[in-house]
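A.B. asks: sequence? don't have it. structure:
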């Protein structure tokens, strides 16, 4: 039996909003004493009409950019701040950490108040809709009736659409970046393999692990699979080609000689990236959030028609932005988002970027994505 230690990683600048208790979950069950972590930048205007909400992908925390409470650079530092594309001199910006995560919001790694031990697999099944409802509670808790804009990246694009669908009128506009209205078979297949890698690690032990018996191998493989799909084949070739490691670095996982150990630079990159991640994200939280994306489908209550599901959403303006090399959330999904929102009466557009950096382009290709986001917000 594992110890009762938790695997939460909370940025020092986090603030917390207590969710209503009980907080009902879409697929059954309810949370008691749950919370959502968030951070803010800028100031609300007198009319409380300049609020922008950012909902994130699977792994980011609420620390999107540096602040007085936490001066360390955030995961979207180049996009958010004074004079930046999401200008905190103009906008009051809120970034929430997803319900079910391990970065401050209540999730499987959190302590269950009923038992005093981590929830682990006793945590209720998490859906994208639950994440959206929790984010809505933060917005309302801050006294904001209507957001100027909700911005969603990757999984956050799904969360933003669920938020707009389930809470009509909560935002005037929407920026969907590398997101989608439902998961495609390829993405489901990749995430299924990631989850299987974690579950097949003996140390996972049906979710009951600790620091001494931690499913590191499963998490490493899951992260490597993810990173491969986050970038494009074009970028992998341009960055690494077929460059080999120096013979002194051709090592196996245990650090000794291995005839099937790392041989190419791209393998070394993946290994280093995975090792930096595995102890900074809780495996059970990874499983829960990954599965929530596979379940999400806006066509669920629209007769199986995803465009009809999108058309039920009412916003004034919207833009869906994607990268042509994205294989995880391909650009046809952002085109679909723009088309569906337009059918619902929004002034909606699609912007396709010829970025070589795949799904992660919005995190690195600021020369392309920055002007697109700035231009949209400037027109509000």
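C.D. replies: Nice, I can see it. This is a predicted model, so every value here is computed, not measured.

A.B. asks: Can you show me the helices along the protein?
C.D. replies: For the chain, the helices defined by DSSP state H cover 128-141, 155-166, 185-199, 216-230, 233-240, 265-278, 283-295, 306-311, 331-343, 361-364, 366-378.

A.B. asks: if you compare those, which one is most tucked away?
C.D. replies: helix 155-166 (a mean of 27; mean count of other Cβ atoms under 10 Å). (C-beta placed from N, C-alpha, C; glycine too.)

A.B. asks: hmm, back to that, now mean pLDDT and distance to residue 111 too, for the helices of the chain, in TSV please.
C.D. replies: Formatted as TSV, these follow (pLDDT from 0 to 100; distance: least, Cβ to Cβ, whole Å):
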stretch	mean pLDDT	distance to residue 111
helix 128-141	98	18
helix 155-166	98	25
helix 185-199	98	22
helix 216-230	96	22
helix 233-240	90	41
helix 265-278	92	22
helix 283-295	98	13
helix 306-311	98	37
helix 331-343	98	37
helix 361-364	97	31
helix 366-378	98	37
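
A.B. asks: Let's have these in TSV, adding distance to residue 121.
C.D. replies: Listed next are the helices of the chain as TSV, based on distance: least, Cβ to Cβ, whole Å:
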stretch	distance to residue 121
helix 128-141	16
helix 155-166	21
helix 185-199	11
helix 216-230	15
helix 233-240	35
helix 265-278	19
helix 283-295	7
helix 306-311	31
helix 331-343	31
helix 361-364	31
helix 366-378	37
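
A.B. asks: Identify whichever of those helices lies nearest to residue 177.
C.D. replies: Among those, the nearest to residue 177 by Cβ to Cβ is helix 361-364 (4.9 Å).

A.B. asks: residue closest to the middle of the protein?
C.D. replies: residue 57 (1.0 Å; Cα atoms, centre = their mean).

A.B. asks: measure residue 313 to residue 173 for me?
C.D. replies: Here residue 313 is placed at a distance of 11 Å from residue 173 (Cβ to Cβ, to the nearest Å).

A.B. asks: who has more neighbours, the two?
C.D. replies: residue 313 (26 against 23; other Cβ atoms under 10 Å).

A.B. asks: For the more buried one, which residues are in contact?
C.D. replies: 161, 164-165, 340-341, 344, 346 (Cβ atoms under 8 Å, 6 or more residues apart in numbering).

A.B. asks: Name the member of those residues with the shortest distance to residue 214.
C.D. replies: Nearest member of those to residue 214, counting by Cβ to Cβ, is residue 161, at 34.6 Å.

A.B. asks: Bridged to residue 39, which residues?
C.D. replies: Applying DSSP bridges to residue 39 yields these beta-bridge partners: residue 95.

A.B. asks: I figured it was touching residue 16, is that so?
C.D. replies: No: taking Cβ atoms under 8 Å as the definition, residue 39 is not a contact partner of residue 16, at 10.5 Å.

A.B. asks: For these two, indicate the residue with more neighbours.
C.D. replies: residue 39 (24 against 16).

A.B. asks: From residue 136, how far off is the nearest residue to residue 354 once chain neighbours are set aside?
C.D. replies: Spatial nearest neighbour of residue 354, chain neighbours left out: residue 324 (5.4 Å); criterion: Cβ to Cβ, 6 or more residues apart in numbering. In this view, residue 324 and residue 136 are 33 Å apart by Cβ to Cβ.

A.B. asks: what does residue 20 give?
C.D. replies: From residue 20 over to residue 136 (counting by Cβ to Cβ), the distance is 11 Å.

A.B. asks: and if you look at residue 80?
C.D. replies: Residue 80 is 21 Å from residue 136, by Cβ to Cβ.

A.B. asks: Could you do residue 142 as well?
C.D. replies: Between residue 142 and residue 136 the distance is 11 Å, computed by Cβ to Cβ.

A.B. asks: cool, residue 83 as well?
C.D. replies: Taking Cβ to Cβ, one finds residue 83 at 30 Å from residue 136.

A.B. asks: One more: residue 45?
C.D. replies: Applying Cβ to Cβ to residue 45 and residue 136 gives a distance of 21 Å.

A.B. asks: I'd say residue 78 and residue 366 touch.
C.D. replies: Yes: using Cβ under 8 Å, residue 78 is in contact with residue 366, at 4.5 Å.

A.B. asks: Understood, closing this out.
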